[in-house]
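Novice: Predicted model follows, preceded by the sequence.
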Amino acid sequence: MLDPLSIVVLGFLLGMRHATDPDHVVAVTTIVSRERSIRAAALIGALWGVGHTLTILVVGGAIMLFGAVITPRVGLTMEFSVAVMLILLGILNLSGVLGWIDGRLAPGRTGTVPFDTHAHGDYVHQHAHDEDGGAHGHTEEDTPLGRLDRTFRRFGLYHTVRPLVVGTVHGLAGSAAIALLVLATIPRSTWALAYLLVFGVGTIAGMMLITVAGSLPFTYTARRFRLVNHCLGLASGLVSVGFGVFLVYRIGLVDGLFTSAPRWTPG
């Protein structure tokens, strides 16, 4: 049996390793392909990890505490949902719908007029950015609260919910396999749940690193090489669609989700 320290270390490291699964990387790369800020990309990774962790705790906890059984067809269906989501993300990216949504729901991020946030004491407000310096030359916005407010205001509700939903779907697909693996090595439910929580923290950390690394080509080319940036965005959409179609074929036909005898091996 593993001791508590081993559980913490192993859970964190395996969580970071889990973040590098191909379907995870493809999904978050497609999302950050339109980001222009490394800070925003890191936040996307963290939100993805939070959604992933919540699902693993809920589904994994149900398996460990209540003996919930995941049948092969249910397990394959959860994995199939990831494939459909990747295809949808890729199509939205290729069609320009993601850019349209960005402009409609977060105009301060992608519109033609950027917005600045300024703090006056306890009051924080936004106004159109004045490239000539204008009347807002004060530096209150450089305070930690001002920067935090500016980040989340520009990020917007849509950009917060999207990675959470994507992470939740990914967690749904992998939660059963992870929970069953933990049960095989950690029979005590309390320690098993603690492992899942630490695993989730490792996944959040790993995904933040991945989204930052994945956003670098997009943030670097956004203002310097617009044509290259556009091609990178199209490439990320094509990869997302292609990988999603591959998963549909593998899960639906090879693993038998669309047949009368599905074969699912958690792992």
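Specialist: Arrived safely, thanks for sending.
Novice: Can you list the low-confidence ranges for the stretch 151-267 of the chain?
Specialist: 151-158, 183, 266-267 (pLDDT under 70).
Novice: which residue packs closest to Thr29, ignoring adjacent ones?
Specialist: Spatial nearest neighbour of Thr29, chain neighbours left out: Gly214 (4.6 Å); criterion: Cβ to Cβ, 6 or more residues apart in numbering. The C-beta positions use only the backbone N, C-alpha and C, and glycine is treated the same way.
Novice: What of Ile63?
Specialist: Closest to Ile63 by Cβ to Cβ, 6+ apart is Ala179, at 4.3 Å.
Novice: Likewise for Pro4?
Specialist: In this structure, Pro4 finds its nearest non-sequential neighbour in Trp191, 7.2 Å apart by Cβ to Cβ, 6+ apart.
Novice: Ile44 now?
Specialist: Pro163 (4.7 Å).
Novice: ok, the one you found touching Leu47?
Specialist: Yes. Applying Cβ atoms under 8 Å as the test, Pro163 and Leu47 come out as touching, 4.1 Å apart.
Novice: So which residues of the stretch 101-250 of the chain form strands?
Specialist: Using DSSP state E, counting those that start in this stretch, the strands of the stretch 101-250 of the chain run over 115-120, 123-128.
Novice: Tally up the residues packed near the residue nearest to Ile63, please.
Specialist: 25 (other Cβ atoms under 10 Å).
Novice: Likewise for Leu227?
Specialist: Neighbours of Leu227 (other Cβ under 10 Å): 8.
Novice: And for Leu181?
Specialist: So Leu181, with other Cβ under 10 Å, has 15 neighbours.
Novice: who touches Ala68 in this structure?
Specialist: By Cβ atoms under 8 Å, 6 or more residues apart in numbering, the residues touching Ala68 are Val59, Ala62.
Novice: In a strand, it, correct?
Specialist: No. The assignment for Ala68 (DSSP: H, G, I helix; E, B strand; the rest coil) gives coil, which keeps it out of a strand.
Novice: any idea how far it lies from Ser175?
Specialist: Distance check for Ala68 against Ser175: by Cβ to Cβ, to the nearest Å, it reads 11 Å.
Novice: Over to Val212?
Specialist: 25 Å.
Novice: Who has more neighbours out of those two?
Specialist: Neighbour totals were compared for Val212 and Ser175, and Ser175 leads with 27 against 17 (other Cβ under 10 Å).
Novice: my guess is the more buried one contacts Leu54, does it?
Specialist: No. Judged on Cβ under 8 Å, Ser175 makes no contact with Leu54 at a distance of 10.0 Å.
Novice: list the residues that contact both of these two?
Specialist: Common neighbours of Ser175 and Leu54 (Cβ under 8 Å, 6+ apart) do not exist.
Novice: hang on, the earlier thing: okay, and the common contacts of Ala68 and Ser175?
Specialist: Taking Cβ under 8 Å, 6+ apart as the criterion, Ala68 and Ser175 both touch Val59.
Novice: circling back to that earlier point, ok, the residue nearest to Pro4 - how many residues close by?
Specialist: Trp191 has 17 nearby residues by other Cβ under 10 Å.
Novice: do the same with the one 4 residues further on
Specialist: When counting by other Cβ under 10 Å, one arrives at 29 neighbours for Tyr195.
Novice: How about Val198?
Specialist: Counted with other Cβ under 10 Å, Val198 comes out at 20.
Novice: Contacts only, for it.
Specialist: Ile7, Val8, Gly11, Phe12, Gly15.
Novice: Give me the phi and psi for the residue nearest to it when sequence neighbours are not counted.
Specialist: Excluding its sequence neighbours, the residue lying closest to Val198 (Cβ to Cβ, 6+ apart) is Gly11, at 3.6 Å. Main-chain dihedrals, Gly11, degrees, to the nearest 10: phi -60, psi -40.
Novice: Distance of the residue most central in space within the chain relative to Ala194?
Specialist: With distances taken as Cα atoms, centre = their mean, Trp48 lies nearest the centre of the chain, 2.9 Å away. Per Cβ to Cβ, Trp48 is found 22 Å from Ala194.
Novice: Now the terminal residues of stretch 16-28, how far apart.
Specialist: End-to-end distance for stretch 16-28, by Cα to Cα, to the nearest Å: 15 Å.
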